[in-house]
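Engineer: Kindly generate the corresponding structure for this input.
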Amino acid sequence: MSIKKVTVYAASSQALDADYIEAAADLGTVLGRAGLSVVYGGGGSGLMGAMADAALAAGAEVHGIIPEFLTRVESPHAGLTSLEVVDDMRTRKARMLEGSDAVIALPGGCGTFEELFEAMTLKRLGQFFGPIILVNTQAYYDKLVAFLRHSVDQRFMNRTHLQMWTVIDNPAELMDAIARAEGSRKHSWQSEAVVRPR
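Structural biologist: Numbers count the residues shown, from 1 in each chain. Presented below is the predicted three-dimensional model:
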């Protein structure tokens, strides 16, 4: 398997059901036991913190990237392998994907959605080729995936674009999902145009 470094998108909210926190910690454990290097948003709370804590405990190198203004709003994780403070959100997103072999999205809010859709768009345009995995705790992403299928049905996306990501129900499925998705790394999604029937 060629995956060495993964980017994880996740919520920093502390007002979440325990199931979400537990799944985030399970993901961190899976990543650490697999010997993967982890890059994420640098937060110390919510799903971010739970994932990072568990990954570190399982032996992973965990690198956080956080914009300077957020260090005054929320607490960065104090025990990471490295923490990079950048100027703004755009720089953070670019740095989080730089050199990454895969993207994993835990449940999150608008910030997570923005990051996830940027990764999907870059994959669509041939600028990112790694697996994109959605961790669907408590069926969190069901409605988003249904909306993407609606976008295909309305011909805003090609049906082949539905293959750009993989949905898993729990982190235990992650490594198998990554292995299955690696074949898509060489796919040129950019060539798949949306064609309206005549």
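Engineer: Report pLDDT for the nearest residue to residue 113 once chain neighbours are set aside.
Structural biologist: In space, not counting the residues next to it along the chain, residue 113 is nearest to residue 144; the distance is 7.8 Å by C-beta to C-beta, 6 or more residues apart in numbering. Where C-beta positions appear, they are placed from N, C-alpha and C, glycine not excepted. Looking at residue 144, its pLDDT stands at 98.
Engineer: in the protein, which spans are helices?
Structural biologist: For the chain, the helices defined by DSSP state H occupy 18-33, 46-57, 89-97, 110-124, 142-153, 174-181.
Engineer: and residue 135, which of these is closest to it?
Structural biologist: Ranking the helices of the chain by distance to residue 135, with C-beta to C-beta as the measure, places helix 18-33 first at 6.2 Å.
Engineer: Taking their axis directions, that closest one and helix 46-57 sit at what angle?
Structural biologist: In this structure, helix 18-33 runs at an angle of 30 degrees to helix 46-57, with axes from the mean of the first three to the mean of the last three C-alpha atoms, to 10 degrees as the basis.
Engineer: ok, and the helix or strand in the chain with the lowest average confidence?
Structural biologist: Lowest by mean pLDDT, DSSP states H and E among the helices and strands of the chain is helix 174-181, with a mean of 94.
Engineer: could you dump it to CSV, C-alpha only?
Structural biologist: Taking Å, rounded to 0.1, in the frame of the first residue of the first chain, the C-alpha atoms of helix 174-181 are listed here in CSV:
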residue,chain,number,x,y,z
LEU,A,174,-10.9,2.2,6.8
MET,A,175,-7.8,0.3,5.7
ASP,A,176,-9.8,-2.0,3.5
ALA,A,177,-11.6,1.0,2.0
ILE,A,178,-8.3,2.7,1.3
ALA,A,179,-6.9,-0.4,-0.4
ARG,A,180,-9.9,-0.7,-2.6
ALA,A,181,-9.9,3.0,-3.5
